[in-house]
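Enquirer: let me see the structure of the following:
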Amino acid sequence: MRRLPRVLLWLLALAGLAPAGEGAPGPKATPEPPFPPVSRLASLRGDVRPLPDGRLELYYDWRGAAQLQDWRVVAGAEPQVAEGELRLGSGESHTLRHVGSFLGVVEVAGACRVREGLGIHGHFAAALCAAPWRGYWLVLRDGRQDIYREGVPAAFLAMNDDRLRDNADHTFHLARLGNLVQAWIDESVHLRGRDAALHQGSVLLRAWRARAGVRGVWLLGRPDPRWLAANPGVAGQLEALRVYAGGAAALRPLWEASRHAAALARARALVKEEPYAQSPAAAKWMLEDAQALAGLWQAAEAGLATLKPGDALRAGGAEAAFQRREGGLVVVRVNGTDLPKKLASFQGEELLALAARARPAEAGRDRLAAALLRLHGSGAAAAVRAELLGAERAGADVARHLGLVIPRPGTAAKAAPPQPVTGEKVTYAGKPLFIEAEAAVQRLGAMQVERDDTASGDRFVWEPRGEGDSQYGKPSSRVVFHILVQQPATVYLWARVRSASTEANSFLVAVAPEGAESPSVRPWHLTPQAGWHWEPYNAASRVDAGSSQPSPVQLQPGVNAVIIAVRERGVALDKLYLSEGPEPPAP
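Expert: Take a look at the predicted model:
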């Protein structure tokens, strides 16, 4: 079968038709409902790390079949896990869906290998889907790779024509950030397309008319609060991990200084305080770590005391002969030269050997302690992860630790959303004043900072409208700007916005002295317009029509709060402009 020309593919996609075998199937006439919600999960079985900004990082290295409990079969047979690989491929389509539901920014990455084609145009694909037949697919096949939007309507967002190496691993990374959908293949090929249709959904993996092996699947996204509410076990797991990470951070300076007995005493005191007293799992984990480290260190010190001058040992990766203790140092002879070394410079296996001279080895616990010395020291993440996996094979529970050393794809930094910016108050002195939306003094509720290279500063703020969300949001989601004036001033306010439709074209606005209780808000209706454009604030703006002229805004001496709150979800705010005249800013 000849491959269809690219222009024809684009035309078919824009018409909502995907040619058979050339991409994901075309949308059905009647859209199906969202995927069945997953509820009452006890916990997630991959390596888990809750991030401070509310996102969740997950990693699946397929070291055991238990990780399959985080995935549901959408089509095909039950998948298999072997030799650190997820194996897909049965008939027409073999598709798995992750149990999580994500909002806004979400990413999936990993490595895949098409082992055997079972039909024309066999391929591997990863997707970010809101429902069956609605989502974004990254399709990898020899001769063409593409980002395909399924439904709403169908479209090819980006394509590439490179040949893929037969039966070889190819890395992939698919990311959705605001209105930008982008992907990397083998960390070099970059596909990108603009689309703002879907902002909620699940991660899917699929082998289509092929047998494929998938390694190292990495997910990053913001869990849907409704999904967390339906899965209190997962919510509790994430909270326990957050509390544990806070406790480990409090003990880390003592561990790094090799003050392990002091760290254990500190841990015993911490578990009686909030929030550790309310999280038994986190308190237990913190105590276990402190006890394991203190126990190994004490045993290694005792093992040193049994050495006599000339006894052989390994120190810092070299064969050596023990000479003496000198203060807090261990003097060893290496190649005829006496060298002073700190016990903290001994490698994990060397500490284990010393500890074994003083007491019987405690395999899992001792290996965990040796790995923790590197985890809370200067160990490279890959080496620490290998040591933790060794401790797991010896019987230790290392699930909480593996989340701290999740290997990220090499393209993670390229796809990373912009870091939130905490702004400061700005001074208005009569001259035109621009303020970036992401530089607000406060950003509250569901307002998010996201990236768009057509926005000023490449960033904007909004509350995205997820699949199933109502048109109207909560006014508690808002950004607040503080403007200082020395004397009463009358100004005119403009905003650079994107208000794509009549269901996403209004804010709520208030201007009041800083600290005013419950300032009254007014609706600010905008002109429906998909691209970025300047809109004047007019207290009498009309629904779905906006206004062509701004109305005056009074600023009082001191700090004034300008509040832009959510009325309708999906309205994007890029920048504010204040001036003493009603003229719009220059384009």
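Enquirer: centre-most residue in the protein?
Expert: Leu220 (3.4 Å; Cα atoms, centre = their mean).
Enquirer: how close does that one get to His98?
Expert: The spacing between Leu220 and His98, counted by Cβ to Cβ, to the nearest Å, is 12 Å. Using the backbone N, CA and C atoms, a C-beta is placed for each residue, glycine as well.
Enquirer: next one: Gln237
Expert: Gln237 sits 16 Å away from His98 when distances are taken as Cβ to Cβ.
Enquirer: cool, Val511 as well?
Expert: 44 Å.
Enquirer: with Trp297 instead?
Expert: From Trp297 across to His98, the span is 40 Å (Cβ to Cβ).
Enquirer: give the contact list for the nearest residue in space to Val479 that is not next to it in sequence.
Expert: The shortest distance from Val479 to any residue that is not its chain neighbour, by Cβ to Cβ, 6 or more residues apart in numbering, is 3.9 Å, and that residue is Ala440. Contacts for Ala440 (Cβ atoms under 8 Å, 6 or more residues apart in numbering) come out as 423, 461, 479-481.
Enquirer: ok, so of those, who is nearest Gln471?
Expert: Distance from Gln471 was checked for each of the contacts of Ala440 by Cβ to Cβ. The minimum falls on Val461, at 18.7 Å.
Enquirer: what bridges to that closest one?
Expert: For Val461, the beta-bridge partners under DSSP bridges are Val449, Leu573.
Enquirer: that one against Glu436, yeah?
Expert: No. Counting by Cβ atoms under 8 Å, Val461 stays clear of Glu436, with 9.3 Å between them.
Enquirer: which of the two has more neighbours?
Expert: Relative neighbour count places Val461 above the other of Val461 and Glu436, with 25 against 20, counting by other Cβ atoms under 10 Å.
Enquirer: just the pLDDT at the more buried one, thanks.
Expert: Turning to Val461, the model gives it a pLDDT of 94.
Enquirer: now it: how far from Ala446?
Expert: Relative to Ala446, Val461 is positioned 11 Å away (Cβ to Cβ).
Enquirer: same thing with Ala183?
Expert: Going from Ala183 to Ala446 by Cβ to Cβ gives 27 Å.
Enquirer: so the two - more neighbours on which side?
Expert: Neighbour comparison, Ala183 and Ala446: the larger count goes to Ala183, with 31 against 20 (by other Cβ under 10 Å).
Enquirer: quick one: the helices in this structure, in order.
Expert: Counting by DSSP state H, the chain forms helices over residues 6-14, 225-230, 232-256, 260-270, 280-305, 348-358, 363-375, 381-393, 399-402, 412-415, given from the N-terminal end onward.
Enquirer: highest mean neighbour count out of those?
Expert: Looking across the helices of the chain with neighbours counted as mean count of other Cβ atoms under 10 Å, the highest average goes to helix 363-375: a mean of 23.
Enquirer: quick one: mean pLDDT for that helix?
Expert: The model assigns helix 363-375 a mean pLDDT of 91.
Enquirer: can you tell me what sits against it?
Expert: 255, 289, 292-293, 295-297, 299, 344, 348-349, 351-352, 355, 379, 383-384, 387-388, 390-391, 394-396, 398, 401, 404-405.
Enquirer: what about 7 Å?
Expert: 289, 292-293, 295-296, 348, 351-352, 355, 383-384, 387-388, 390-391, 394-396, 398, 401, 404 (Cβ atoms under 7 Å, 6 or more residues apart in numbering).
Enquirer: ok, stretch 87-104 next?
Expert: Taking Cβ under 7 Å, 6+ apart as the criterion, the residues outside stretch 87-104 that touch it are 35, 38, 41, 70-77, 79-80, 118, 199-214, 219, 221-224, 227, 448, 464, 466.
Enquirer: hmm, back to that, for Arg163, which of the helices of the chain is the nearest?
Expert: The closest of those to Arg163 is helix 6-14. By Cβ to Cβ, the value is 15.8 Å.
Enquirer: average pLDDT for that closest one, rounded please.
Expert: For helix 6-14, mean pLDDT rounds to 48.
Enquirer: for the residue nearest to Val479, give me the pLDDT.
Expert: At Ala440, the pLDDT value in this model is 93.
Enquirer: the strands in the stretch 101-250 of the chain, which residues?
Expert: Counting by DSSP state E, counting those that start in this stretch, the stretch 101-250 of the chain has strands at residues 102-117, 123-131, 134-141, 144-150, 155-160, 170-177, 180-185, 189-194, 200-208, 210-223.
Enquirer: pick the most deeply packed of the ones you listed.
Expert: Among the strands of the stretch 101-250 of the chain, judged by mean count of other Cβ under 10 Å, the one packed with the most neighbours on average is strand 200-208 (a mean of 26).
Enquirer: outside of that strand itself, list whatever touches it.
Expert: 35, 74, 88-89, 93-98, 100-103, 106, 108, 122-130, 135, 214, 219, 224, 466-468.
Enquirer: now it against strand 134-141, angle please.
Expert: Orientation check (axes from the mean of the first three to the mean of the last three Cα atoms, to 10 degrees): strand 200-208 against strand 134-141 gives 30 degrees.
Enquirer: strand 200-208 pairs with which strands, and in what direction?
Expert: Using DSSP bridges, the strands paired with strand 200-208 are strand 93-98 (antiparallel), strand 102-117 (antiparallel), strand 123-131 (antiparallel).
Enquirer: could I get the average pLDDT for the first one?
Expert: Which is strand 93-98. If you average the pLDDT over strand 93-98, you get 95.
Enquirer: angle of it against strand 210-223?
Expert: In terms of direction (the same axes, to 10 degrees), strand 93-98 departs from strand 210-223 by 20 degrees.
Enquirer: check contacts around Arg325.
Expert: Taking Cβ under 7 Å, 6+ apart as the test, what Arg325 contacts is Leu304.
Enquirer: mind showing which ranges of this protein have poor pLDDT?
Expert: Filtered on pLDDT under 70, the chain yields the residue ranges 1-33, 118-120, 166, 178, 377-379, 417-423, 467-468, 515, 517-518.
Enquirer: tell me how it divides into domains.
Expert: 6-229, 232-305+345-404, 426-579 (automatic domain parsing).
Enquirer: what is the end-to-end distance of the last one?
Expert: Distance between the boundary residues of domain 426-579 (Cα to Cα, to the nearest Å) amounts to 14 Å.
Enquirer: report how many residues lie close to the spatially closest residue to Val331 that is not a sequence neighbour.
Expert: Excluding its sequence neighbours, the residue lying closest to Val331 (Cβ to Cβ, 6+ apart) is Gln323, at 4.4 Å. Neighbour count for Gln323, taken as other Cβ under 10 Å: 17.
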